[in-house]
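**Q** Have a look at this prediction, sequence included:
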Protein chains: 4
Amino acid sequence: MQKPVFTPEELNAYIAEVYPEIIDQLPQYNVRTIEAGRVVVESKTDHRHIRAGGTVSGPTLFAIADMGGYCCALSVLGREALTVTTNLNINFMRKAEPGLLVADSRILKMGKRLMVFDCTITKDGKTDIIAHATGTYAIPPK
Amino acid sequence: MQKPVFTPEELNAYIAEVYPEIIDQLPQYNVRTIEAGRVVVESKTDHRHIRAGGTVSGPTLFAIADMGGYCCALSVLGREALTVTTNLNINFMRKAEPGLLVADSRILKMGKRLMVFDCTITKDGKTDIIAHATGTYAIPPK
Amino acid sequence: MQKPVFTPEELNAYIAEVYPEIIDQLPQYNVRTIEAGRVVVESKTDHRHIRAGGTVSGPTLFAIADMGGYCCALSVLGREALTVTTNLNINFMRKAEPGLLVADSRILKMGKRLMVFDCTITKDGKTDIIAHATGTYAIPPK
Amino acid sequence: MQKPVFTPEELNAYIAEVYPEIIDQLPQYNVRTIEAGRVVVESKTDHRHIRAGGTVSGPTLFAIADMGGYCCALSVLGREALTVTTNLNINFMRKAEPGLLVADSRILKMGKRLMVFDCTITKDGKTDIIAHATGTYAIPPK
């Protein structure tokens, strides 16, 4: 897997530039680390991100997983904001109270046309998995 | 498939009561019709729901599909707010400008412990599919 | 959706030519009908296709759904044997004794690079859904 | 994660007893190792397991992944042959010539009613991922 083309600071800045609307959904997300083929994103969640029962909602967890995949793709492709999700499959495994969530995403395949990744979401500092996703991004033709 | 236990008005009122936070994500969603085993939900989308490139974002489409499944489950189970998504698989097929989206959801299986549904999202009045999802809700034990 | 390029007889003959190994898995499959964007495949299942408990196995149902998607792709693309599945998500909903299974597959999107389909499997003559799948085929570049 | 209730030899023997039909699909599968929450299964593949183009077929890879999940469930549940797959999502990432395939499966969640796992399939001794699956098994009520 090739060396990442962004540092976390650069990737945060790039996303803020091309996808400012993410702030409405994940107001406090942050790219924490980038390695070859792996990106860790964190996102604070609060009362706006809960569902019936008071736990973090499915759409919020989806948004975090999808952001994890987007960051994986951009870490290889660079300034390719228009790479888009074509498929995402997510399993919700444990309820979580709002707080800091950590999404650890891995590139499973980086092809010419498709990138496949998975993403494991936990509460910060815990090992129990809250949600696990697998997804595909389509890479725009040159 | 049994007769729905809610009218659209009743289901809108019930969701507003038990899941008011949905308004943050889908401010203008509305249950349009409920039949046995089928619920049509609509949601207006605007500049807050877009991703890089100006089209409706994946998390927004996920939220609409998930709401479609939730409404299917509630249409059979009644006031069971704590039925939760365990799995959702979504394919994003066409980009869509913001506007009124329509999610047509069907119950594929209503079991004692799990409900399986699919959901087809189109722009209002069009037939091209923007996104298609399949998902599972876990039904709380009595 | 464009007119199919194969009749059922032609498609059965083409698959027997390019993918003879399918016979090991689904010895008695048959393309029943082809319409624009829709293919119905049937497959007899017997004692070789069961799992613990005596019902039709997951791999057998997967093979039938995957064949449904392959036939959808070929019905549009013609002699493109090398179009391959990139993703398949399947929900198993009801147990089924061996017998004639019918897979009704629809093209949800026919793009330049990807085709997305879904497939509903029932026992012949019944309406209860045994399994439902959604999948993606990658179309080889010209 | 609790200590496995089977050794590989015991689990191979149990599967041969309750699910002898698997031999038709995966004639040379073998449980290689079992740890707490993790099972490695291998399966030789040959000319009977290929698809158009000469590479290992989707249904074969599905069967291996599904067997990986089944072994994970049995490693915790013991002689519960009737635990069944409810959902399996698989991404096919690289073509593989027939040969020895290795499926490394992990339990992501072991609940009272559902077990969620993922499974990574590689060629023996290689690290490139051929297929990756995530799935759910329903645990029979006591």
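**A** Structure received.

**Q** does the residue nearest to A:Leu108 when sequence neighbours are not counted have beta-bridge partners, and which?
**A** Closest residue to A:Leu108 apart from its sequence neighbours, by CB to CB, 6 or more residues apart in numbering or on different chains: A:Val116 at 4.5 Å. For glycine as for every other residue, the C-beta is placed from the backbone atoms N, C-alpha and C. For A:Val116, the beta-bridge partners are A:Lys109, A:Thr136 (DSSP bridges).

**Q** wait, what's in contact with A:Ile121?
**A** Shown in contact with A:Ile121 (CB atoms under 8 Å, 6 or more residues apart in numbering or on different chains): A:61, A:64-65, A:101-104, A:129-133.

**Q** Please enumerate the strands of chain A.
**A** Secondary structure of chain A by DSSP state E: the strands cover A:28-35, A:38-44, A:84-92, A:100-110, A:114-123, A:129-138.

**Q** With distance to C:Asn30 and mean pLDDT added, can I get these in CSV?
**A** Shown next, in CSV, are the strands of chain A (distance: least, CB to CB, whole Å; pLDDT from 0 to 100):
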stretch, distance to C:Asn30, mean pLDDT
strand A:28-35, 50, 95
strand A:38-44, 46, 97
strand A:84-92, 30, 97
strand A:100-110, 34, 97
strand A:114-123, 32, 98
strand A:129-138, 32, 98
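
**Q** Quick one, grab the pLDDT at A:Asn47.
**A** Actually, residue A:47 is His rather than Asn. Listed pLDDT for A:His47 reads 87.

**Q** residues near the residue nearest to A:Leu108, how many?
**A** Neighbours of A:Val116 under the rule other CB atoms under 10 Å in any protein chain shown: 24.

**Q** So out of everything in chain A, what residue is nearest chain C?
**A** A:Asn87 (5.4 Å; CB to the nearest CB).

**Q** can I assume that residue is in contact with A:Ala138?
**A** No: contact between A:Asn87 and A:Ala138 fails when scored by CB atoms under 8 Å: they sit 9.3 Å apart.

**Q** quick one: which of those two has more around it?
**A** The neighbour comparison of A:Asn87 against A:Ala138 (other CB under 10 Å) goes to A:Asn87, with 26 against 19.

**Q** so what's the residue nearest to A:Leu108 up against?
**A** A:Val116 is in contact with A:107-109, A:134-136, D:91, D:93, D:132, counting by CB under 8 Å, 6+ apart.

**Q** Repeat the analysis, applying 6 Å as the threshold.
**A** A:Val116 sits next to A:108-109, A:136, D:91, D:93 when contact means CB atoms under 6 Å, 6 or more residues apart in numbering or on different chains.

**Q** Also A:Ile107?
**A** For A:Ile107, the contact set (CB under 6 Å, 6+ apart) comprises A:37, A:72, A:117.

**Q** Out of these, which comes closest to B:Arg79?
**A** For those, the closest approach to B:Arg79 (CB to CB) belongs to A:Phe117, at 38.4 Å.

**Q** ok, that closest one touching A:Cys72?
**A** Yes: the pair A:Phe117 / A:Cys72 is scored as a contact, 4.8 Å apart, by CB atoms under 6 Å.

**Q** Could you pull out the residues contacting both of these two?
**A** With CB under 6 Å, 6+ apart, A:Phe117 and A:Cys72 have common neighbours A:105, A:107.

**Q** quick one on the thing from earlier: what about the closest residue to the residue of chain A closest to chain C other than its chain neighbours, how many neighbours?
**A** Nearest non-adjacent residue to A:Asn87, counting by CB to CB, 6+ apart: A:Thr136, 4.5 Å away. Neighbour count for A:Thr136, taken as other CB under 10 Å: 28.

**Q** again, but for A:Ala63
**A** 26.

**Q** In contact with the residue nearest to it when sequence neighbours are not counted, which residues?
**A** Take A:Ala63 and drop its neighbours on the chain: the residue closest to it by CB to CB, 6+ apart is B:Pro59, 3.9 Å away. B:Pro59 makes contact with A:25, A:59, A:62-63, according to CB under 6 Å, 6+ apart.

**Q** pull the longest helix from chain A.
**A** Scanning chain A for the helix with the most residues, using DSSP state H, yields helix A:58-77.

**Q** I'd like the average pLDDT over it.
**A** Mean predicted confidence for helix A:58-77 is 97.

**Q** Now do the contacts for the residue sitting nearest the centre point of chain A.
**A** Note on chain A: the residue nearest the mean C-alpha position is A:Gly68, at 1.7 Å, using CA atoms, centre = their mean. Going by CB under 6 Å, 6+ apart, A:Gly68 touches A:41, A:103, A:105, A:119.

**Q** wouldn't the second one be in contact with A:Glu42 here?
**A** No: at 7.3 Å, A:Ala103 and A:Glu42 do not qualify as touching, with contact defined as CB under 6 Å.

**Q** if I look at these two, which residues touch both of them?
**A** Taking CB under 6 Å, 6+ apart as the contact criterion, A:Ala103 and A:Glu42 have no common neighbours.

**Q** ok, how many other residues are close to the nearest residue to A:Asn30 once chain neighbours are set aside?
**A** Excluding the flanking residues, the one nearest A:Asn30 by CB to CB, 6+ apart is A:Glu42, at 5.3 Å. Using other CB under 10 Å, A:Glu42 is surrounded by 18 other residues.

**Q** Which residues does A:Glu42 form beta bridges with?
**A** A:Asn30, A:Val102.

**Q** A:Arg32 is in contact with that one, correct?
**A** Yes: in this structure, A:Glu42 is within contact of A:Arg32 by CB under 6 Å, at 5.1 Å.

**Q** re earlier: closest to chain B among the contacts of A:Ile107?
**A** For the contacts of A:Ile107, the nearest to chain B is A:Phe117 (13.6 Å; CB to the nearest CB).

**Q** residue contacts, that closest one?
**A** Here A:Phe117 is in contact with A:69, A:72, A:105, A:107-108, A:135 (CB under 6 Å, 6+ apart).
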